[in-house]
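Colleague: I would like the atomic coordinates for the input below:
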Amino acid sequence: GRATLGAIYLMYHYTQMLFNPLEQIAHQIQDLQKAAAGIGRVRELMAKKAAICDGEVASLPEGALPLAFEDVSFHYEDDNELVLKDIAFALEPGRTLGLLGRTGSGKTTLTRLLFRLYEASEGRIRLGGVALRDLKLDCLRRRVAMVTQEVQLFRATVRDNLTFFKPNVPDERIIAVLRDLGMGDWFDRLPQGLDTELQAGGEGLSAGEAQLLAFARAFLGDPGLVILDEPSSRLDPATEKLLERAMDRLLHGRTGIIIAHRL
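Modeller: Modelled structure (predicted):
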């Protein structure tokens with residue numbers, strides 16, 4: 001009889017009022033620990049230095065670029081088994097090469113070597129008569145365009161998605177490229193034209209529309225070499241025919257490589 005029911009309730013209630021903030025602090029400490037670990041990993045990543053060194057040559061000839069693989073072999077650092085062995089071919093300016101092969105046969109590895117995402121283990125690759133090792137990476141990746149089956153779109157305007165946020169590309173040129181690739185009707189339906197915002201991942205677009213936007217990106221860069229890495233593998237036959245016409249326009253006057261797993 002030393003405590004009333006009201007006093008007991010108050011003690012319980014005050015205890016709960018103290019417990020809730022303490023529980024929140026415990027959860028926040030866990031979040032801080034995770035954040036600290038994440039910051040540590042980001043610092044490790046930022047401290048890494050690229051194994052691929054930049055070259056000295058800052059320019060390539062205008063127009064279509066010749067390409068040559070000279071006895072190129074490649075294996076990944078953690079595996080001594082050769083993925084590519086003694087690959088040798090020459091592609092004249094303005095010609096298109098088809099690469100056909102099963103999954104895992106090394107088709108995409110060739111394109112990664114072309115972009116110098118990896119360095120060839122042996123041999124040499126020349127673009128426009130210049131060895132890739134001697135080219136500045138910015139110059140190389142400015143003159144070579146690649147369209148893959150996976151199209152990455154940002155939550156941004158049509159203009160920014162096509163120009164990669166470069167402010168100096170005229171709207172007239174962007175619209176002309178869209179119409180040239182057969183996307184004029186699609187553009188005319190946009191509520192705000194080039195200022196229409198697209199959703200991340202291409203939500204609201206068909207696979208064909210997203211793929212044609214990737215073609216427009218490549219077109220705007222005016223590359224000398226275009227690589228198409230199975231761009232039509234996810235499309236229905238009708239859309240694929242539309243894409244083939246866009247391919248013809250994109251490859252006209254340029255050197256091309258088309259990668260496919262079927263004829």
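Colleague: so how far is stretch 138-145 off the chain centroid?
Modeller: 13 Å (CA atoms, centre = their mean, to the nearest Å).
Colleague: please apply the same query to stretch 230-249.
Modeller: How far stretch 230-249 lies from its chain's middle: 19 Å, per CA atoms, centre = their mean.
Colleague: ok, residues contacting it?
Modeller: The contact list for stretch 230-249 (CB atoms under 8 Å, 6 or more residues apart in numbering) reads 147-149, 180-182, 206-208, 211-212, 214-215, 219, 228, 258-261. Where you see a C-beta, it was placed from the backbone N, CA and C, and this is true even at glycine.
Colleague: run the last query once more with 6 Å
Modeller: Identification of contacts with stretch 230-249 by CB atoms under 6 Å, 6 or more residues apart in numbering yields 147, 149, 180-182, 207-208, 211-212, 215, 259-260.
Colleague: longest helix in the chain, please.
Modeller: The residue-count maximum for a helix in the chain (DSSP state H) belongs to helix 5-47.
Colleague: pLDDT averaged over it, what's the number?
Modeller: For helix 5-47, mean pLDDT rounds to 92.
Colleague: and the next helix or strand past it?
Modeller: strand 67-74 (DSSP states H and E).
Colleague: restricted to helices, list the contacts of stretch 230-249.
Modeller: Among these, DSSP H puts 180, 207-208, 211-212, 215 in helices.
Colleague: can you list those residues in a markdown table and add neighbour count, distance to residue 137 and pLDDT?
Modeller: A markdown table is the format used below for the ones in helices among the contacts of stretch 230-249 (neighbours: other CB atoms under 10 Å; distance: CB to CB, whole Å; pLDDT from 0 to 100):
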| residue | neighbour count | distance to residue 137 | pLDDT |
| --- | --- | --- | --- |
| 180 | 15 | 29 | 85 |
| 207 | 17 | 31 | 80 |
| 208 | 21 | 32 | 81 |
| 211 | 27 | 26 | 84 |
| 212 | 24 | 28 | 85 |
| 215 | 26 | 24 | 86 |
